[in-house]
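Asks: Would you be able to build a 3D model of this:
(one chain, ligands or ions: 1)
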Amino acid sequence: MKILLITEQRDAQWNKVSFETLVAAQQIAGQTKATVSGAVIGKGVAALADELAGYQLDEVLVVEHDLLAQYTPDAFSIALRQVIESAKPDLVLLPHTYQVRDFAPKLAASIGKGMIGDCVGYRHENGKLIFVRQMFQGRTAADVLFTGEAPWVASFQASAFRADLVAKHASGKAPVKSVSVELKPEQIRTKPLELFREAKQAVDLTQAPVLVSVGRGIKAPENIPMAEKLAKLMGGEISASRPICDEGWLPMDRQIGSSGQTVVPKLYLALGISGAIQHVVGMKGSRTIAAINKDANAPIFEVADYGIVGDLFEVVPAMIEELEKTKS
Ligand SMILES: Cc1cc2nc3c(=O)[nH]c(=O)nc-3n(C[C@H](O)[C@H](O)[C@H](O)COP(=O)(O)OP(=O)(O)OC[C@H]3O[C@@H](n4cnc5c(N)ncnc54)[C@H](O)[C@@H]3O)c2cc1C
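Replies: This next block holds a predicted model:
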């Protein structure tokens with residue numbers, strides 16, 4: 001079997017979910033004796049390709065073109081279709097980023113295939129690859145198999161695999177090959193404008209090691225700085241349940257859950273969050289979950305590794321005090 005991993009970069013900066021998907025590719029390859037090719041697509045990405053070659057894969061494909069300098073769904077899907085046609089992989093793996101959501105279904109359709117998107121894991125059973133994806137807002141997980149002939153296209157959700165488990169190349173570096181693609185300006189039907197200002201400011205919560213997340217238990221916007229202080233002392237970021245963002249107490253990009261971000265930090269500390277399924281689906285994969293809630297029966301305690309049944313307005317100041325002592 002041959003796996004083609006399509007990585008993602010912007011302005012020569014990796015989208016780190018690429019390395020999580022590389023871990024998935026390495027693990028699948030280990031179990032199926034597959035080879036792994038990693039594609040880097042864009043313009044001026046030779047240094048990234050060289051960096052990727054230092055990891056455990058069989059080859060790196062550099063796909064460069066002037067018309068790939070800025071992302072457009074047309075250029076990326078047309079170019080990658082050509083890469084798939086020349087590399088002939090059985091399985092195409094992508095990180096399930098916003099960009100991938102935008103172009104990958106089109107790419108899969110352009111080669112006459114379906115796609116299993118947003119997978120949270122896989123199993124290799126009886127010679128078959130089974131992909132696992134959440135359904136009904138995370139209430140259940142479904143096993144999904146490809147039918148028909150390869151190539152198959154699948155994407156993995158952010159944090160489904162741990163990037164720190166990525167294996168380095170055993171004997172130096174994988175070979176880097178350039179793949180030329182044909183693209184014409186008239187094939188591209190959209191013109192990218194400047195990125196939103198919001199996106200420039202936005203924190204990527206998926207990269208934060210610690211998240212201190214506030215829910216309606218925080219009571220009023222005046223109390224948010226207290227949680228922000230705690231987050232800062234813990235070396236993390238602040239996030240929130242939906243009502244907090246709906247109220248405008250924190251920006252929308254801080255929202256965790258089915259209509260917000262999915263995160264898997266090392267530590268997720270939930271302050272006054274009840275643990276509704278739409279929230280839990282976005283944070284239940286966190287490595288350690290701690291919750292402070294005055295209701296001992298709050299559903300958040302069902303997913304928490306550590307819980308404090310208490311008033312957050314007593315517990316949080318005490319935590320801040322202790323942390324300040326250790327910092328001084
Ligand atoms: C289609 C749809 C999509 C949704 N998407 C999302 C989403 O992406 N993210 C999301 O979060 N929600 C989402 N929701 C909303 C979700 O159903 C819940 O309503 C929401 O998560 C509840 O937020 P909360 O836990 O902050 O508030 P509440 O459910 O009101 O819980 C507040 C908690 O704070 C505790 N508390 C109160 N005072 C204190 C105190 N002093 N000290 C300690 N604890 C205290 C209470 O015991 C309670 O458990 C969605 C809903 C729908 C229908």
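Asks: near the ligand, which residues of the stretch 151-300 of the chain?
Replies: 215-217, 241-243, 255-260, 272-274, 276, 278-279, 282, 292-295, 298 (Cβ under 6 Å from any ligand atom). C-beta coordinates here come from the backbone N, C-alpha and C atoms, glycine included.
Asks: Buried members of those into ChimeraX, please.
Replies: In ChimeraX, a selection of the buried entries from those looks like this (16 or more other Cβ atoms under 10 Å):
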select :215,217,241,242,243,255,256,257,258,260,272,273,274,276,279,282,292,293,298
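Asks: Show me the residues of the stretch 151-300 of the chain next to the ligand that map onto strands.
Replies: 292, 293 (DSSP state E).
Asks: elements contacting the strand or helix carrying residue 322?
Replies: Using DSSP states H and E, residue 322 sits in helix 312-327. Packing partners of helix 312-327 (3 or more Cβ pairs under 8 Å, 6 or more residues apart in numbering; DSSP states H and E): helix 224-233, strand 288-293.
Asks: what's the most buried one of the ones you listed?
Replies: Compared across the helices and strands packed on helix 312-327, strand 288-293 shows the largest average neighbour count, a mean of 22 (mean count of other Cβ atoms under 10 Å).
Asks: Provide the contact partners of it at residue level.
Replies: 217, 266-275, 283, 298, 300-301, 303-310, 312, 315-316 (Cβ atoms under 8 Å, 6 or more residues apart in numbering).
Asks: Give me the buried entries from the residues you listed.
Replies: 217, 267-275, 283, 298, 300-301, 303-304, 307-308, 312, 315-316.
Asks: gap between the closest residue to residue 170 other than its chain neighbours and residue 76?
Replies: Excluding the flanking residues, the one nearest residue 170 by Cβ to Cβ, 6 or more residues apart in numbering is residue 56, at 6.5 Å. For residue 56, the distance to residue 76 (Cβ to Cβ, to the nearest Å) stands at 26 Å.
Asks: Likewise for residue 3?
Replies: From residue 3 over to residue 76 (counting by Cβ to Cβ), the distance is 19 Å.
Asks: So for those two, which sits in the more crowded spot?
Replies: residue 76 (26 against 23; other Cβ atoms under 10 Å).
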